[in-house]
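Peer 1: Fold the following for me, if possible:
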Amino acid sequence: MRKSTIAVAIAASVALAAAMTGCSSGSSSSGAAKALTVEDYYSQPNAGTFDKIYQACGKSIGVTVKSTHVPGAGLIAKVLQQSSSKTLPDVLMLDNPDVQQIASSGALSPLSNYGITGKGFAPGVLSAGTYKGDLYGLAPAVNSIALFYNTDILKAAGITPPKTWAELKTDASALTKGKQYGFAFSGINTYEGTWQFLPFMWTNGGDEKNIDTPQTAEALQLLTSMVQDGSTSKSVVNWAQSDVLNQFTAGKAAMMINGPWQFPVLAKFPNLHWATAPIPGKNATDVPVAPLGGETFNVPNTGNKANMSLAGKLVACITNDKNMVTEAKIGGYVPSKISIAAQVAASDPQIASFATIVKTARARTGELGAGWPAAATKIYTAEQLALTGKLSPAAALKQAQNG
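Peer 2: Next up, the predicted model:
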């Protein structure tokens, strides 16, 4: 998940041609040239690199492809309008938490209609794209969040990456000196704040169905206590994930919570030495449960059966093994198939932590479906109340849950 579109290394586009050859061969059913439309929320340079994937996949099935790139903030409103006016594109990209909302409106067609089963994909990826038992969207590459740490700073302090909440709190305090905070995260009053809180809540047994529980209060107390003791800046309530990254690259935070889409940005700081590790749980034996991010590709229910059949082939190509590796490398994502993710992780230590996390990552809509946005709002509302000291964590969660 990211506030803006994925940061992309310019050099990644050079590798596209070779990686996009994995699409199945074939031609349109009538043998005549056909055209399909694709709609996504990518911006440049992302849009250009994905356009090449779309066009290569289109060529492999005998169609031309025209893509439209819509600003992320306006995509869902446009999709709902297109659905009512019957002007949906042939292939639609959606942020995975939006799939269930759009599927519930009847705007999407089950991917099983086109022989797409999602076999081999991580469970969380399938859950994110499923509505009432049917798979409607498939993400070729996904992301999550982990603990980033400045290896030079930790080594100088004689500290190894924390594996428990107690270690995180102690290490953050020890690493705080002068203008340098020990730990940084996003506690902003948007879905980004919720997204970054989820690993602490979920790994501790908290649940979005009811956030007024001791487990969730413990998780919120941990973050609140680090703001209170000064090892984390009070400004986290205003920081998006990009702001957290800025603190880290400026040497003002020894550790941070962030995602692999930041790899291309971090590469611009060759003198900054860093590594990643799973976000600590309360206990060292806790299996990290982090939220799953990433965009799905879907076949809208346009009513044009011939085009929908070809659209299914296009989605199958976009999400095949070779293309998911290409798409993962473009944005610092993790391939959605567990076996392919393991292959990439074996040759890329930066991805290794995230490949492990994705195995157990959860879809944000997995429990509440279309009701997720309301729950996400309650979570970041409670977080704001606690982090600013207006209410205790337990009282903040109670008020947000019942408000």
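Peer 1: host element of Gly58?
Peer 2: In the assignment (DSSP states H and E), Gly58 maps to helix 46-60.
Peer 1: model confidence over the helix or strand that that helix is followed by, on average?
Peer 2: Sequence-wise, the next helix or strand downstream of helix 46-60 (DSSP H and E) is strand 63-69. In this model, strand 63-69 has a mean pLDDT of 96.
Peer 1: helices or strands next to strand 63-69 in the packing?
Peer 2: Applying 3 or more Cβ pairs under 8 Å, 6 or more residues apart in numbering; DSSP states H and E, one finds that strand 63-69 contacts strand 34-40, helix 46-60, helix 305-318. Where C-beta positions appear, they are placed from N, C-alpha and C, glycine not excepted.
Peer 1: Could you grab the helix/strand/coil label for the nearest residue to Lys234 once chain neighbours are set aside?
Peer 2: In this structure, Lys234 finds its nearest non-sequential neighbour in Val227, 5.8 Å apart by Cβ to Cβ, 6 or more residues apart in numbering. Of the three states, Val227 takes helix under DSSP: H, G, I helix; E, B strand; the rest coil.
Peer 1: what's Val227 in contact with, if anything?
Peer 2: Val227 is in contact with Gly187, Ser233, Lys234, Val236, Leu387, counting by Cβ atoms under 8 Å, 6 or more residues apart in numbering.
Peer 1: Neighbour-wise, give me the winner out of the residues you listed.
Peer 2: Gly187 (29 neighbours; other Cβ atoms under 10 Å).
Peer 1: okay, the contacts of Val227 in a markdown table with distance to Lys163, secondary structure and pLDDT next?
Peer 2: Converted to a markdown table, the contacts of Val227 look like this (distance: Cβ to Cβ, whole Å; DSSP: H, G, I helix; E, B strand; the rest coil; pLDDT from 0 to 100):
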| residue | distance to Lys163 | secondary structure | pLDDT |
| --- | --- | --- | --- |
| Gly187 | 23 | coil | 98 |
| Ser233 | 24 | coil | 98 |
| Lys234 | 27 | helix | 98 |
| Val236 | 22 | helix | 98 |
| Leu387 | 24 | helix | 98 |
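Peer 1: Closest one of these to Ala157?
Peer 2: Ser233 (18.8 Å; Cβ to Cβ).
Peer 1: I'd like the distance between that closest one and Thr377.
Peer 2: According to Cβ to Cβ, to the nearest Å, Ser233 stands 24 Å off from Thr377.
Peer 1: now swap in Lys313 and tell me
Peer 2: 38 Å.
Peer 1: and what of Thr190?
Peer 2: Taken as Cβ to Cβ, the span from Thr190 to Thr377 is 9 Å.
Peer 1: and what of Pro260?
Peer 2: 26 Å.
Peer 1: quick one, which of those two is more surrounded?
Peer 2: Neighbour count, other Cβ under 10 Å: between Pro260 and Thr377, Pro260 has more, with 30 against 16.
Peer 1: now the more buried one, nearest residue through space, not along the chain?
Peer 2: Gly332 (3.9 Å).
Peer 1: List the contacts of the one you found.
Peer 2: Ile6, Ala7, Asn143, Gly259, Pro260, Trp261, Gln262, Phe263, Pro264, Gln350, Ile351.
Peer 1: Recalculate using a threshold of 6 Å.
Peer 2: Residues counted as contacts of Gly332 (Cβ atoms under 6 Å, 6 or more residues apart in numbering) are Pro260, Trp261, Phe263.
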